[in-house]
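Visitor: what follows is a predicted structure for the sequence shown.
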Amino acid sequence: MKISNARVSICSPGRNFVTLVVETDEGVIGLGDATLNGRELAVASYLTDHVLPCVIGRDPFQTEDLWQYLYRGAYWRRGPVTMAAIAAVDVALWDIKGKALGTPVYNLLGGKSREGVLVYTHANGKEVAQALDQASCYIDEGYLAVRLQCGVPGLASTYGVPKGDQPYEPAERGLPSENVWSSEKYLVHAPRLFEGARMRFGEDVHLLHDVHHRLTPIEAARLGKSLEPYHLFWLEDPVPAELQSGFKIIRQHTTTPIAVGEVFNSLWDARELIQNQWIDYLRMSVVHGGGLTHLKKAADYADVYHVRTGCHGATDLSPITMGAALHFGVSVHNFGIQEYMHHSAETEEVFPHGYRFEGGYMTPGDAPGLGVEYNEELAKRFPYQRAYLPVNRKLDGTLTDW
Ligand code: KDG
Ligand code: MG
């Protein structure tokens, strides 16, 4: 079998997605996600102009060699654009291999280690009560794990909390909007959200929280300590992660479990964090973490140090990545949890899929390959629209780390 053609398709059914379609001379087609939120066209060009001409004519079964060829062969290694492009090719090849062999991708990754993967979803609100009301609805739907975010009194808007009635979506169309941030106000308020949650929901439901890299290590240590009575499943992205040893300070002060890695694109971004056991969960995703080939290696390395997986799964990761993450999640031994933010109805129509949610868990389905399709004709009705993540400034106007 040979790769006979490959093309990039960009659409915006509610939000932007970059999809790679790989065709073979035997008629088997594979799909990959190459979406990089707010920088979509850079990955599309990287693929179309630089990568795809090199993959035509190659054997799609050679996932390892082709991954190394695109990673080592380019000379310029790593970075979100490069790694999202490599991931798209890699995932499309795993999809082809599964379809050609008539088996779901999880069987190619070691087979099932579990029947379904534990997922968490997002409950948000401007006020504590609103966030808890939303969480209550999800718990009634069967969710066993919920991420809680709420507005901070004194701050007009907070990332992760929708401004209007629409569900929270990480990107906004047009130019970047700006949010205002105060670590002082946030540190006082955040524990109230979790105190309220434990009073209302009891001790069993798993609660998670995302700091979006906004704190210094010692501030994050204080937050972790103040949240200990509410025993979070994890505290995510407490500090920016370029300086990996920052996590050592957090670890010295708190037993609240720490998750990081949605912006990582290589195991090298996490090596010290894992090796020093400064984190508990690795959030690298299939799309931004170089595909299934690289993520499997990162997970196996993490396993040695008692670190479990907790893949990023916001709406900017397309249903193709969600499907791939579920095959990965049911198979990898040290799976921890999977994020699951609901895609819009238009997105679901453009990407029909076999994965399902039931009773707090998700399953990838048993269709050969990934079990996710792409309706390219329908996608054409939703052309790309420029969109960005918001920018955050402190009260005095200084940009935050993120
Ligand atoms: O593109 C970035 C978003 O997906 C991210 O900010 C959302 O932090 C996020 C999360 O944990 O889902
Ligand atoms: Mg996050």
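Guide: Nice, thanks for sending it over. Numbers count the residues shown, from 1 in each chain. Ligands and ions are numbered 1, 2, ... in the order given.
Visitor: and the closest residue to ligand 1 within the stretch 201-350 of the chain, helix, strand or coil?
Guide: Proximity of the stretch 201-350 of the chain to ligand 1 (Cβ to the nearest ligand atom) peaks at Ala314, 3.2 Å away. To be clear about C-beta, it is placed using only N, CA and C from the backbone, and glycine gets the same treatment. Here Ala314 is coil, with the state taken from DSSP: H, G, I helix; E, B strand; the rest coil.
Visitor: tell me how many other residues crowd it.
Guide: 19 (other Cβ atoms under 10 Å).
Visitor: next, give phi and psi for it.
Guide: The phi/psi pair for Ala314 (degrees, to the nearest 10) reads phi -70, psi 180.
Visitor: tell me the pLDDT at it?
Guide: Listed pLDDT for Ala314 reads 97.
Visitor: distance check, it against Phe357.
Guide: Going from Ala314 to Phe357 by Cβ to Cβ, to the nearest Å gives 16 Å.
Visitor: now do the helices in the stretch 1-150 of the chain.
Guide: Counting by DSSP state H, counting those that start in this stretch, the stretch 1-150 of the chain has helices at residues 40-45, 52-55, 63-72, 80-101, 105-108, 128-141.
Visitor: how far does the fourth one sit from the chain's center?
Guide: Its chain's C-alpha centre lies 16 Å from the corresponding centre of helix 80-101 when counted by Cα atoms, centre = their mean, to the nearest Å.
Visitor: go on, the second one?
Guide: When distances are taken as Cα atoms, centre = their mean, helix 52-55 is centred 27 Å away from the chain's centroid.
Visitor: and for the third one?
Guide: Averaging C-alpha coordinates over helix 63-72 and over its chain gives two centres that are 23 Å apart (Cα atoms, centre = their mean).
Visitor: quick one, it and helix 80-101 angle?
Guide: Helix 63-72 and helix 80-101 are oriented at 170 degrees to each other (axes from the mean of the first three to the mean of the last three Cα atoms, to 10 degrees).
Visitor: could I have helix 63-72 exported to PDB, CA atoms only?
Guide: Taking Å, rounded to 0.1, in the frame of the first residue of the first chain, the C-alpha atoms of helix 63-72 are listed here in PDB:
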ATOM      1  CA  THR A  63       4.400   4.900  11.400                       C
ATOM      2  CA  GLU A  64       7.600   4.800  13.300                       C
ATOM      3  CA  ASP A  65      10.000   5.500  10.400                       C
ATOM      4  CA  LEU A  66       7.800   8.200   9.000                       C
ATOM      5  CA  TRP A  67       7.500   9.900  12.400                       C
ATOM      6  CA  GLN A  68      11.300   9.900  12.700                       C
ATOM      7  CA  TYR A  69      11.700  11.100   9.100                       C
ATOM      8  CA  LEU A  70       9.500  14.100   9.700                       C
ATOM      9  CA  TYR A  71      11.000  14.900  13.200                       C
ATOM     10  CA  ARG A  72      14.700  14.200  12.600                       C
END
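Visitor: could you list the residues in contact with it?
Guide: 51, 54-55, 58, 60, 77, 82, 85-86, 89-90, 93-94, 97, 290-294 (Cβ atoms under 8 Å, 6 or more residues apart in numbering).
Visitor: repeat that for the second one.
Guide: Applying Cβ under 8 Å, 6+ apart, the set of residues contacting helix 52-55 from outside is Ile3, Ala6, Arg7, Val8, Val22, Leu66, Tyr69, Leu70, Gly73, Val89.
Visitor: looking at these, which two lie furthest apart in space?
Guide: Pairwise distances across the contacts of helix 52-55 peak at 21.3 Å for Arg7 and Gly73 (criterion: Cβ to Cβ).
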